[in-house]
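Peer 1: my questions concern the predicted model and sequence given below.
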Amino acid sequence: MDAGLVTASGQVGLPRQDPMVVIVGGGIAGVSAARHLINRGVQQVLILEAKDRLGGRIHTVTGDSGNVDYGAQYIHGQDENPLYQLALQHDLIVSPSSKLKDTTNKSITAELYGNEFRTDNGDLVPKNTVRDVNEVLEEAYEKCNCCLDNASTNKSIGHHFETRFEDYLQSCADSENDVITKRGVFDWRIRWELHDNSCLSLFDATNGSYQNNSGDYFIDVRGGFQSIFHSLLNDIPPECVRAGTPVSRIHWRGEENSGRSRKCTVETKHGGNVNCYYVIVTVPLGVLQTNINTLFCPTLPQSKKEALCRRGFGSVVKIFLTWTEPFWESSFEGTQFVWTCSADKSKDTLPKNTLTKKNGDPWWRDIDGFHVLKENPRTLLGWMGGEGAILTEDLSEEEILHTCHLLLQQFAPHLKIPKPQAIKRTQWLSDEYTKGAFSYISTYNEPGDTEEMVKPLPSEEDPTLLFAGEAMSHHHFSTTHGAYETGIQAANIILQNEAKKNRTQNDMSKFNVLEYI
């Protein structure tokens, strides 16, 4: 089944027979849960997806110049990564995007995009300067990890970055110009971390319990990330999916029915209801946080609501610029922006009368830079996080295109850069069915929050309402493989519960559940 073909018009109305399991959300967590159940004999599964397409934050868009991924783009890590193994099986791996292999729990260094870090004067930043600053910040990451269990210590990434970097500068006998350049590289890394963590400020974010899968960390997918999603979706019968079907309320404490207690009712915005025995909620955390007091009946326990609301969920914007022909040589990988002057002293060609952040800087100061897409050789991709990402969603594409063109001309004056032919940009924060990009562990999180978030209701002994999605992952939050794994975990809870209660329904009597868990 093709995700691009599953639309609201493709399946009209709700099924006549009540399913055993309703899955709210057709992203990778929901699809992995459904696939796991179906492959183990539970055929009465129904995915309810609000949008007219499946995939959630996996959204590959195909144009004349090639594919672009609005959402998930890379496989992160190889070892013990089920999506990497799936991509290998289907021959979907493009050569790794990074020149580095990550074998520790460190963040990926600033050499991710390869060759050029340039200042706002167009000067090339020495590679050893880029390397030295980022190695110092990797040490800060280690410090951040060491402080996770110390409640009296400031756990924020921002605190550790700033403290370690200032200590580093004090230990160097640098010229004034070298200090300015290093501060510019530090500022670049902060901007990179804002979008990598999907947070508003690094002083709000901590590493949490995140663990990198070792191996190449930025692996491109042939045909875009939808190729992996399609390989999962192909195992799900079309009758198990209803796209274009937003859910308005979930009644998760039903009355006893036919000897089975707590039958759930899922209300849709179109007016139809679906009864079931289990509900797996896989919607993005931002949607849960926005609708936390209205989506569930009865309301969720206060401890679960507080845990969900303490978790961070921010915005990331991608800007795709496409040219009729590449203006760059084949060796060019991209230009990253290293600012060495304040915004008010930047070149007069850059727009000043535009949306500004709280500190007075214009939105465009949050752009990291632009790099080449392997799957789209005429397109450059720029990333934004923090306040700039929020502000950008309200701007016209023409203003964004014009400003990005000027920025590229300023940072890469050695290249003759024509105006881009086209622009695409993402608006995940404005999307009512995502409300942002992905989750992060905030400094407000408390120990045990993830366990509380993912805990089935009304109890682990009687799981009726379950939760899955990248935000529910203990060690791989923010990733597609984390979301995938939580979908399978939720499905296994249902399989184990059915096996424990020795159900005799037709859909459960054909197999020994425990053989497949």
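Peer 2: Perfect, I can see it now. Numbers count the residues shown, from 1 in each chain.
Peer 1: quick check: His371 vs Leu14, distance?
Peer 2: 45 Å (Cβ to Cβ, to the nearest Å). C-beta coordinates here come from the backbone N, C-alpha and C atoms, glycine included.
Peer 1: looking at these two, which is more packed in?
Peer 2: His371 (21 against 18; other Cβ atoms under 10 Å).
Peer 1: isn't that one up against Glu333?
Peer 2: Yes - using Cβ atoms under 8 Å, His371 is in contact with Glu333, at 6.0 Å.
Peer 1: which stretches of the stretch 251-400 of the chain form helices?
Peer 2: 285-290, 302-310, 386-392, 397-411 (DSSP state H, counting those that start in this stretch).
Peer 1: need the winner for burial among those helices.
Peer 2: helix 386-392 (a mean of 23; mean count of other Cβ atoms under 10 Å).
Peer 1: ok now that helix, how far from the chain's centre?
Peer 2: Offset of helix 386-392 from its chain centre (Cα atoms, centre = their mean, to the nearest Å): 16 Å.
Peer 1: could you dump that helix to PDB, C-alpha only?
Peer 2: Only the C-alpha atoms of helix 386-392 are listed here, as PDB (Å, rounded to 0.1, in the frame of the first residue of the first chain):
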ATOM      1  CA  GLY A 386      15.100  28.600  18.100                       C
ATOM      2  CA  GLU A 387      13.100  31.800  17.800                       C
ATOM      3  CA  GLY A 388      14.000  32.200  14.100                       C
ATOM      4  CA  ALA A 389      12.200  29.000  13.200                       C
ATOM      5  CA  ILE A 390       9.000  30.300  14.900                       C
ATOM      6  CA  LEU A 391       9.200  33.700  13.200                       C
ATOM      7  CA  THR A 392       9.900  32.200   9.800                       C
END
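Peer 1: same for that helix, what does it pack against?
Peer 2: Applying 3 or more Cβ pairs under 8 Å, 6 or more residues apart in numbering; DSSP states H and E, we find helix 386-392 packed against helix 176-197, strand 317-322.
Peer 1: and those: which comes nearest Lys416?
Peer 2: strand 317-322 (15.3 Å; Cβ to Cβ).
Peer 1: who are the packing partners of that closest one?
Peer 2: strand 367-373, strand 376-384, helix 386-392, helix 397-411, strand 422-425.
Peer 1: redo the ones you listed as a markdown table? Include distance to His474 and mean pLDDT.
Peer 2: Below are these laid out as a markdown table (distance: least, Cβ to Cβ, whole Å; pLDDT from 0 to 100):
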| stretch | distance to His474 | mean pLDDT |
| --- | --- | --- |
| strand 367-373 | 29 | 95 |
| strand 376-384 | 26 | 95 |
| helix 386-392 | 26 | 97 |
| helix 397-411 | 37 | 97 |
| strand 422-425 | 33 | 97 |
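Peer 1: which one of those lies closest to Leu295?
Peer 2: helix 386-392 (24.1 Å).
Peer 1: other residues contacting the closest one?
Peer 2: 191, 194-195, 199-201, 314-317, 319, 355-358, 363-367, 384, 400, 425, 429 (Cβ atoms under 8 Å, 6 or more residues apart in numbering).
Peer 1: try 6 Å
Peer 2: By Cβ atoms under 6 Å, 6 or more residues apart in numbering, the list of residues contacting helix 386-392 from outside reads 194, 200, 315-317, 355, 357, 363, 366.
Peer 1: please indicate which of those residues are buried?
Peer 2: Burial by neighbour count, 16 or more other Cβ atoms under 10 Å: within those this picks out 194, 200, 315-317, 355, 357, 363, 366.
Peer 1: can I get those in JSON lines with distance to Arg35 and pLDDT?
Peer 2: Output for the buried ones among the contacts of helix 386-392, formatted as JSON lines (distance: Cβ to Cβ, whole Å; pLDDT from 0 to 100):
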{"residue": "Leu194", "distance to Arg35": "34", "pLDDT": "97"}
{"residue": "Leu200", "distance to Arg35": "35", "pLDDT": "96"}
{"residue": "Ser315", "distance to Arg35": "30", "pLDDT": "97"}
{"residue": "Val316", "distance to Arg35": "27", "pLDDT": "98"}
{"residue": "Val317", "distance to Arg35": "31", "pLDDT": "98"}
{"residue": "Leu355", "distance to Arg35": "43", "pLDDT": "93"}
{"residue": "Lys357", "distance to Arg35": "43", "pLDDT": "94"}
{"residue": "Trp363", "distance to Arg35": "40", "pLDDT": "96"}
{"residue": "Asp366", "distance to Arg35": "38", "pLDDT": "97"}
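Peer 1: ok, so of those residues, who is nearest Val287?
Peer 2: Set against Val287, the nearest of those by Cβ to Cβ is Ser315 (13.9 Å).
Peer 1: identify each buried residue in stretch 215-222, please.
Peer 2: Here stretch 215-222 shows 215-221 as buried, counting by 16+ other Cβ under 10 Å.
Peer 1: now secondary structure and distance to Glu452 too, for these, in JSON lines please.
Peer 2: Formatted as JSON lines, these follow (DSSP: H, G, I helix; E, B strand; the rest coil; distance: Cβ to Cβ, whole Å):
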{"residue": "Gly215", "secondary structure": "strand", "distance to Glu452": "32"}
{"residue": "Asp216", "secondary structure": "strand", "distance to Glu452": "34"}
{"residue": "Tyr217", "secondary structure": "coil", "distance to Glu452": "29"}
{"residue": "Phe218", "secondary structure": "coil", "distance to Glu452": "32"}
{"residue": "Ile219", "secondary structure": "strand", "distance to Glu452": "33"}
{"residue": "Asp220", "secondary structure": "strand", "distance to Glu452": "36"}
{"residue": "Val221", "secondary structure": "strand", "distance to Glu452": "33"}
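Peer 1: name the helix or strand of the protein that has the lowest mean pLDDT.
Peer 2: Ranked by mean pLDDT, DSSP states H and E, the weakest helix or strand in the chain is strand 101-102, scoring a mean of 46.
Peer 1: would you mind measuring from Ser156 to Thr356?
Peer 2: Applying Cβ to Cβ to Ser156 and Thr356 gives a distance of 24 Å.
Peer 1: pull the distance from stretch 478-487 to the chain's centre.
Peer 2: That offset, for stretch 478-487, works out to 10 Å (Cα atoms, centre = their mean).
Peer 1: what mean pLDDT does it get?
Peer 2: Mean pLDDT, computed over stretch 478-487, is 98.
Peer 1: give the residue spans of the chain that score low on pLDDT.
Peer 2: Scanning the chain for pLDDT under 70 picks out 1-13, 16, 95-114, 145-154, 254-262, 342-348, 502-517.
Peer 1: still on that earlier bit, dump the helices and strands packed on strand 317-322 into TSV; add distance to Leu169 as well.
Peer 2: Shown next, in TSV, are the helices and strands packed on strand 317-322 (distance: least, Cβ to Cβ, whole Å):
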stretch	distance to Leu169
strand 367-373	22
strand 376-384	26
helix 386-392	23
helix 397-411	24
strand 422-425	36
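Peer 1: of the ones you listed, which approaches Pro447 most closely?
Peer 2: helix 386-392 (27.1 Å).
Peer 1: distance check, Tyr433 against Ala87.
Peer 2: The value you get for Tyr433 to Ala87, if Cβ to Cβ is used, is 26 Å.
Peer 1: looking at those two, which is more packed in?
Peer 2: Ala87 (23 against 17).
Peer 1: what about the strand or helix carrying the more buried one, distance to the chain center?
Peer 2: Under the criterion of DSSP states H and E, Ala87 resides in helix 82-89. Helix 82-89 has its average C-alpha position 19 Å from the chain's average C-alpha position, going by Cα atoms, centre = their mean.
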